[in-house]
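Student: Quick one: sequence plus predicted model below, questions after.
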Amino acid sequence: MLAIHGGKPLRNVAAEPWPSWPVWNDVDRSRLVQVLDSGIWSYSGPAEQACLQWLDNYFAPCRSLLVANGTVSLQLALEALDIGYGDEVIVPGLTWQATAAAVVDVNAIPILVDVKSDTWCLDPELCEAAITEKTKAIIVVHLYGCTTDMDAIMDIAKRHHLYVIEDAAHKHGGQWRNQKAGTIGDIGSFSLQLSKVLTCGEGGILLTKEDRLWERLESLRNCGRRSRNAIFDATGGQYGQEGNFIQSGNYRLSDFQSAVLLGQCERLDMQNEIRAQNAAYLDELLRTCPAITPMRTDIRETKKVYFNYSFNYNPDELGIPTDTFRKALSAELGFKVEPSNQPLNDCSLYRPLTKRRYAISKEYLAQIDPARFSLPVCHDIFKRTSVMFHHKILLAGPADMEIISEACKKIAAHKDEFRH
Ligand SMILES: Cc1ncc(COP(=O)(O)O)c(C=O)c1O
């Protein structure tokens, strides 16, 4: 009998727990204490400088900046590119709400475009069809375990003179044709929120190759202060500057967060490698399971990175609804199994019409109304086919991947239990 119906689960998690997240050690603890003892608790301290050095080296030829989170990083990227009222920005319909929320936060218009069913990333053909004379930029999201077709997107952007912002919140260290995710477009944006593969609890990274953009971003993250020739006083205040200020706010990160981030940076490649090996093995195992199609693997993705491990499930094949399948899998394995993000044209956390600040005009409200967009593939993924779980599971061993595929096979073999 299946665990969901009272049978014995395949995994006894009390005896054999799954890996936990986040991962830290005594070096991280001592780095935190060092910040405490130094009294330099705010921004641009020694820990932040050490992180930036690591990031600049890792993401070369891009230069990096640290910001408060992966939502404001997108907002600042748009502001640095001077995108605002009247401009349209193409956003994939399947992503965390922040990707579109950042666009309305700069008073531009998010144009929600459908995704590919085998990668769940922006569909380049539909993206090109959505371009108008108002379009200024495309935000791509390298969602969960896949990377957007960056050859197609960069080609479209070049032909239509558009900026590309990579929302790489799920792709720290991933590579497309040996180029790191976040370094291919004009600006790369990452979240460092706790669930992410690179984390300091909350935080964000911005990347760009262009000095002019880097300087604008540096100014935007720091109340409009100019970065060059900055002179800091003992409390982190700044003086001695003149001219060319731009309006902004405080989007900085504290040195405590940077102190935690440094250790995570040092572990990133090693953890990514373990996750990628396990994911490749799991893909292979799941190909032998009824009703399951692993995500598409593209040889141009030269380094796969997994925020969540996901696959497509066909409920018609087993006669078990997808939500029930997810619950049954979760009961066998003892970890959370989820659907994809909600499509942005009907997402509980993306309700731009509820915010007075966006009520600039009736015309603008109509333009940002998410319900005006049609996203059939996103809805099919969310409602019918998506099954996924957190990347920490991929930090287990190959034998643990075998249990996951066994659980899928067990559910298929017991499909008759769902008839009653
Ligand atoms: C694709 C994507 N973009 C942006 C964000 C926003 O990041 P943050 O939570 O750090 O603001 C997230 C967070 O989950 C995300 O998944």
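Tutor: Everything's here; your move. Numbering: from 1, shown residues only.
Student: Flag every buried residue along stretch 255-275.
Tutor: Using 16 or more other CB atoms under 10 Å as the test for burial, stretch 255-275 gives 255-265, 267-268, 271-272, 275. No exception for glycine: its C-beta is placed from N, CA and C like everyone else's.
Student: next one: stretch 332-342
Tutor: For stretch 332-342, by 16+ other CB under 10 Å, it's Glu332, Leu333, Gly334, Phe335, Val337, Pro339, Ser340, Asn341, Gln342.
Student: residue in the stretch 51-200 of the chain nearest to the ligand?
Tutor: Across the stretch 51-200 of the chain, the shortest distance to the ligand (CB to the nearest ligand atom) belongs to Gly70, at 2.7 Å.
Student: and that residue, how many neighbours?
Tutor: For Gly70, the neighbour count with other CB atoms under 10 Å is 26.
Student: Could you number the chain from 19 rather than 1 from now on?
Tutor: Yes, from this point I'll number from 19; that puts the last item at Gly88.
Student: re earlier: mind putting the buried residues of stretch 350-360 into a markdown table with pLDDT and secondary structure?
Tutor: Shown next, in a markdown table, are those (pLDDT from 0 to 100; DSSP: H, G, I helix; E, B strand; the rest coil):
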| residue | pLDDT | secondary structure |
| --- | --- | --- |
| Glu350 | 98 | helix |
| Leu351 | 98 | helix |
| Gly352 | 98 | coil |
| Phe353 | 98 | coil |
| Val355 | 98 | coil |
| Pro357 | 98 | coil |
| Ser358 | 98 | coil |
| Asn359 | 98 | coil |
| Gln360 | 98 | coil |
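Student: for this protein, what's the longest helix?
Tutor: The longest helix of the chain (DSSP state H) is helix 273-304.
Student: what ranges of the chain fall below the confidence cut-off?
Tutor: Applying pLDDT under 70 to the chain picks out residues 245-262, 438.
Student: Which residues of it lie near the ligand?
Tutor: With CB under 6 Å from any ligand atom as the criterion, the chain comes near the ligand at residues 87-89, 113-114, 116-117, 159, 185, 187-188, 209, 211, 222.
Student: what ranges do the strands span in the stretch 319-438 of the chain?
Tutor: All strands of the stretch 319-438 of the chain, identified by DSSP state E, counting those that start in this stretch, fall at 326-331, 404-408.
Student: how about TSV for the ones you listed, with mean neighbour count and distance to Ile101 added?
Tutor: Output for the strands of the stretch 319-438 of the chain, formatted as TSV (neighbours: other CB atoms under 10 Å; distance: least, CB to CB, whole Å):
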stretch	mean neighbour count	distance to Ile101
strand 326-331	22	29
strand 404-408	21	31
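Student: Quick check: chain neighbours aside, which residue is closest to the residue nearest to the spatial centre of the chain?
Tutor: Centroid-nearest residue in the chain: Ala187, 2.6 Å away (criterion: CA atoms, centre = their mean). Closest residue in space to Ala187, ignoring its immediate chain neighbours: Ser209 at 3.9 Å, by CB to CB, 6 or more residues apart in numbering.
Student: Enumerate every residue touching the one you found.
Tutor: Asn87, Gly88, Thr89, Ser91, Ala116, Ala187, Gly221, Gly222 (CB atoms under 8 Å, 6 or more residues apart in numbering).
Student: biggest separation within those residues, which pair?
Tutor: Maximum pairwise distance among the contacts of Ser209 (CB to CB): 13.6 Å, between Ala116 and Gly221.
Student: For these two, list the residues in contact with both.
Tutor: Common neighbours of Ala116 and Gly221 (CB under 8 Å, 6+ apart) are Gly88, Ser209.
Student: residues contacting the residue of the stretch 219-368 of the chain found nearest the ligand?
Tutor: Residue of the stretch 219-368 of the chain nearest the ligand, by CB to the nearest ligand atom: Gly222 (5.5 Å). With CB under 8 Å, 6+ apart as the criterion, the residues that contact Gly222 are 84-91, 207-210, 271.
Student: again, 6 Å this time
Tutor: Gly222 makes contact with Val85, Asn87, Gly88, Ser91, Ser209, Leu210 under the criterion CB atoms under 6 Å, 6 or more residues apart in numbering.
Student: Understood, closing this out.
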